[in-house]
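Peer 1: from the sequence below, what's the structure:
(one chain, ligands or ions: 1)
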Amino acid sequence: MLHVQHLHKAFGQQTVLHDVSFTIPKGEIACFIGKNGAGKSTLFHIIATLLHADSGTLTWDGRCYEQEAKTIRQQIGYVPQQLAIWEDFSVAQNMRFFEQLSPIRRSDEQLRAILKSVALEEWDRKAKHLSGGMKRKLNIALSLIHQPALLLLDEPTVGIDLRSKIEIQQALLALRDQFGMTMLYISHDMEEVTALADTIFNVGDDLFYTQLLQTKGIDTISLR
Ligand SMILES: Nc1ncnc2c1ncn2[C@@H]1O[C@H](COP(=O)(O)OP(=O)(O)OP(=O)(O)O)[C@@H](O)[C@H]1O
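Peer 2: Model prediction:
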């Protein structure tokens, strides 16, 4: 379970997160929606241990971030909004490079299986020659190498074709169902959100999204 309590974060005079509290049970997908600048990525950076909160407490699987950040970090996979792949490397070289950075050793066969799990069959092709959808799949596959228990995805399908988008959704649902992976997912795409989410958090309590989803009979939880 991920437990966030009374989180506060400001950049200078600008308060971005104010008294944010929520819980996500293990094995669930939580989607985070909200206006540009509402603080979604900032929240993810804190949960991913890349940024410190000003105050508040976070625990993952009973471990407290303050005391056990290193152990928690090893259980986290993070898919950033920007592609984090080496364009001049092949798919295989990208996978092997990130495998070397991972605490867990993976054979080529295992790396290929990870690629297959996100519907990417390429291996020798250079990343710069992949389609946009394939690059996004590679970006996700890289975050899966160390078999994270908690996966954070910041707009992982932005700007790609519908088929790749749906393949990625299916891959994520399978990871949740097969391995009980817990996922936090930022998206502005309401169709994607409704297809994936067990729970939807509305960062900044944007009324536009609340009302839009209400018309489809879907509830959101407000995070101010
Ligand atoms: N390192 C930083 N220093 C100063 N201000 C920052 C920093 N990081 C984020 N901010 C500010 O915090 C606010 C929230 O940014 P954040 O990226 O978390 O929003 P977001 O909800 O993810 O937006 P988007 O949907 O556009 O990605 C913005 O006003 C942003 O300019």
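Peer 1: was I right to think Y78 contacts T49?
Peer 2: No: between Y78 and T49 there is no contact, the gap being 9.2 Å when judged by CB atoms under 8 Å. (Each C-beta comes from the backbone N, C-alpha and C, glycine too.)
Peer 1: between those two, which is the more surrounded one?
Peer 2: Counted by other CB atoms under 10 Å, Y78 and T49 do not tie: Y78 has more neighbours, with 21 against 16.
Peer 1: doesn't the more buried one lie inside a helix?
Peer 2: No: with DSSP: H, G, I helix; E, B strand; the rest coil as the criterion, Y78 is strand rather than part of a helix.
Peer 1: give the contact list for the residue most central in space within the chain.
Peer 2: Nearest to the geometric centre of the chain sits L153, at 1.7 Å (CA atoms, centre = their mean). Residues in contact with L153, defined by CB atoms under 8 Å, 6 or more residues apart in numbering, are V79, I140, L172, M183, L184, Y185, I186.
Peer 1: can you give me the domain boundaries for the chain?
Peer 2: Listed domain ranges for the chain are 1-24+37-60, 77-200 (source: automatic domain parsing).
Peer 1: same list, the ones you listed, but as a markdown table with distance to T71 and mean pLDDT please.
Peer 2: Output for these, formatted as a markdown table (distance: least, CB to CB, whole Å; pLDDT from 0 to 100):
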| stretch | distance to T71 | mean pLDDT |
| --- | --- | --- |
| domain 1-24+37-60 | 9 | 96 |
| domain 77-200 | 11 | 95 |
